[in-house]
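*Asks:* Below is the structure, and that's it, no one-letter string:
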């Protein structure tokens, strides 16, 4: 029997291990099902509403090119990432896996690759369902050719959360800490940025943290868009459709005091190319150090239990 | 004689606890070497150090002739390891697990399928090959743990408490498998807290306690030492003060219990003292009616060694 395995065959074996693990994970199956149901419901509710009120649904040629919300991506990232590293240690499986003739870097790489493959498959399924329903409810869809860019953008958005979960998992070796810690960071950041926007007028910060960012409208086609990393799918696909498009962004800059206080806003026109580059840059600025940190922590882990 | 595992001054400290303390270990190639010690003696930590799962604080490790032990991938490709109560990926089927590990060891598609089949047969799990490991009993997982340790035809097989959690029948089966593995020319390093297991299966043993080596040698040597009388019961025609004095004056005598005409003599060290005792009694004018040596069990020796170590 041949005893020298190539790096590729080891990687393939590890990939199979990770993919089977993720696909057979009840948590992932449940979240996929929930997201699918919500995706379907979001399309069906307006249909039901229109049949009750008698209003016709407005045609929307860009409906299929809208992405699931950041929270769904976060859920997917949690479902895949929270166990990926910690469970190897918590369940004692690392004892056997780490004693096999394979480097920890390759194991880590396989974990990331498996997560991305599974997320990509899940998003393709979600997109295809969305596309079918969009056709049926909102009429013919345009620029479907750019859908791979949409999915790539959604993937990058999710990888950002995944890197956070991986890092906390590698640091704590606890799936609970990985999940709750990431959730806490997400919620904490959202609250802090919201407060900063309202009370100090620093709403631009939302564009530099993992979040939906600020709201705007694409000037040319009047499509609503958000500028944060959560919305990379739509940003990139709209950029691909029209690289010269401009976005009218509305920033909250404070509160107008009075008997009925209202939010003070400020509008800025920004090229979509700038928004896309910034969102990609911000996502990379989080993903790279977090993944690097997770890799170093994983590589240096000792099996003490 | 080739050496499969050699550690010198191996030390691992967790906070204030010295888990492994300047351990010198030598495992000859081609032997079944028992690694004996009570729970918490440092057996598992030593094994993890050998495999590279932990980094030593000081000392050296040489495995299959390579420095650093299992920290090198090439060395790990020649080692099979079964941890204590192996935690296997329960989301895989038994066959899948062995095939995936086979691929990691570089087996071709056909080889990995055949190897998985052979190993499942060896551990008696052929009929459950396509079941998820989650549906295996503890004993079945233990046997699958043994099978995965044999993937890739390793030169050295390290088994940490291989019969822990098994029923008596399972224990016997596992021991037979271990003997079979060794008969194929492999070195087996087996940790256990079960003395009879080591006695039945191993050719050599090292006893550790509190991270330190207490004793080592071939099982036959250890047993030989055990078979020497350490407690001698002598029945005399009559007991005189001269006889009592003569027995007490023997340097190896630790304690004497007198029950009528019988003397229970406890020796302070291992050895056959029957001749010395007979001579002392005869010289004191006594007549021996009978003499019996009390052989200590391996269990007793082990407990004594552990007590000594503490």
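*Replies:* It's in. A quick note: this is a predicted structure, and the numbers were derived from the prediction, not measured.
*Asks:* can we go C-alpha only for contacts and neighbour counts from here?
*Replies:* Noted.
*Asks:* Please, where are all the strands along the stretch 51-200 of chain B?
*Replies:* Assigned by DSSP state E, counting those that start in this stretch, the strands in the stretch 51-200 of chain B fall at B:58-63, B:66-67, B:79-82, B:156-160, B:187-192.
*Asks:* Is there contact, residue-wise, from the third one to chain A?
*Replies:* Looking back up the chat, that one is strand B:79-82. Yes - judged by Cα under 8 Å from any Cα of the partner chain, strand B:79-82 and chain A are in contact via B:80, B:81, B:82.
*Asks:* hmm, back to that, switch the strands of the stretch 51-200 of chain B over to JSON lines; also include mean pLDDT.
*Replies:* What follows is the strands of the stretch 51-200 of chain B, written out as JSON lines (pLDDT from 0 to 100):
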{"stretch": "strand B:58-63", "mean pLDDT": "95"}
{"stretch": "strand B:66-67", "mean pLDDT": "92"}
{"stretch": "strand B:79-82", "mean pLDDT": "95"}
{"stretch": "strand B:156-160", "mean pLDDT": "96"}
{"stretch": "strand B:187-192", "mean pLDDT": "94"}
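*Asks:* Top of the residues of strand B:79-82 next to chain A by number of neighbours, please.
*Replies:* residue B:81 (30 neighbours; other Cα atoms under 10 Å in any protein chain shown).
*Asks:* my read: that one touches residue B:158, true?
*Replies:* Yes - applying Cα atoms under 8 Å as the test, residue B:81 and residue B:158 come out as touching, 4.8 Å apart.
*Asks:* Can you check which residues contact both of those two?
*Replies:* Residues within reach of residue B:81 and of residue B:158 at once, by Cα atoms under 8 Å, 6 or more residues apart in numbering or on different chains, are residue B:149.
*Asks:* how about residue B:294, what does it touch?
*Replies:* By Cα under 8 Å, 6+ apart, the residues touching residue B:294 are B:229, B:230, B:231, B:232, B:233.
*Asks:* Flag whichever of these scores worst on pLDDT.
*Replies:* When the contacts of residue B:294 are compared by pLDDT, residue B:229 scores lowest at 56.
*Asks:* Closest residue of the stretch 1-150 of chain A to chain B?
*Replies:* Scanning the stretch 1-150 of chain A for the residue nearest chain B gives residue A:5, at 3.5 Å (criterion: Cα to the nearest Cα).
*Asks:* Could I get the pLDDT score of that residue?
*Replies:* pLDDT, residue A:5: 79.
*Asks:* what about it, neighbour count?
*Replies:* Residue A:5 has 19 neighbours, counted by other Cα under 10 Å.
*Asks:* phi, psi of the nearest residue to it once chain neighbours are set aside?
*Replies:* Leaving aside its chain neighbours, residue A:5 sits nearest to residue B:106 (3.5 Å; criterion: Cα to Cα, 6 or more residues apart in numbering or on different chains). When read as degrees, to the nearest 10, the backbone of residue B:106 gives phi 90, psi 20.
*Asks:* Would you agree residue B:106 is in contact with residue A:8?
*Replies:* No - under the criterion of Cα under 8 Å, residue B:106 makes no contact with residue A:8, lying 10.1 Å away.
*Asks:* how about the strands in the stretch 201-310 of chain B?
*Replies:* For the stretch 201-310 of chain B, the strands defined by DSSP E, counting those that start in this stretch occupy B:204-209, B:212-218, B:231-236, B:253-259, B:262-267, B:288-294.
*Asks:* ranking these by burial, who's on top?
*Replies:* Mean neighbour count (mean count of other Cα atoms under 10 Å in any protein chain shown) peaks for strand B:204-209 among the strands of the stretch 201-310 of chain B, with a mean of 24.
*Asks:* packing partners for that one?
*Replies:* Strand B:204-209 is packed against strand B:32-36, strand B:212-218, helix B:298-309, with contacts defined by 3 or more Cα pairs under 8 Å, 6 or more residues apart in numbering or on different chains; DSSP states H and E.
*Asks:* Residue B:106 and residue A:8: who's more crowded?
*Replies:* residue B:106 (24 against 11).
*Asks:* And the more buried one, how far from residue A:171?
*Replies:* According to Cα to Cα, to the nearest Å, residue B:106 stands 32 Å off from residue A:171.
*Asks:* Then residue A:29?
*Replies:* For residue A:29, the distance to residue A:171 - Cα to Cα - is 26 Å.
*Asks:* The two: who's more crowded?
*Replies:* A direct count of neighbours by other Cα under 10 Å for residue A:29 and residue A:171 places residue A:171 higher, at 20 against 13.
*Asks:* after the helix or strand containing that one comes which helix or strand?
*Replies:* Element membership of residue A:171, judged by DSSP states H and E, is helix A:147-172. Sequence-wise, the next helix or strand downstream of helix A:147-172 (DSSP H and E) is helix A:175-200.
*Asks:* Which other helices and strands does that following helix contact?
*Replies:* Contacts defined by 3+ Cα pairs under 8 Å, 6+ apart place helix A:175-200 against helix A:70-84, helix A:147-172, strand A:246-256.
*Asks:* any chance of those in a markdown table, with mean pLDDT and distance to chain B too?
*Replies:* A markdown table is the format used below for those (pLDDT from 0 to 100; distance: least, Cα to the nearest Cα, whole Å):
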| stretch | mean pLDDT | distance to chain B |
| --- | --- | --- |
| helix A:70-84 | 79 | 12 |
| helix A:147-172 | 93 | 16 |
| strand A:246-256 | 86 | 48 |
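*Asks:* Sweet, I'm off.
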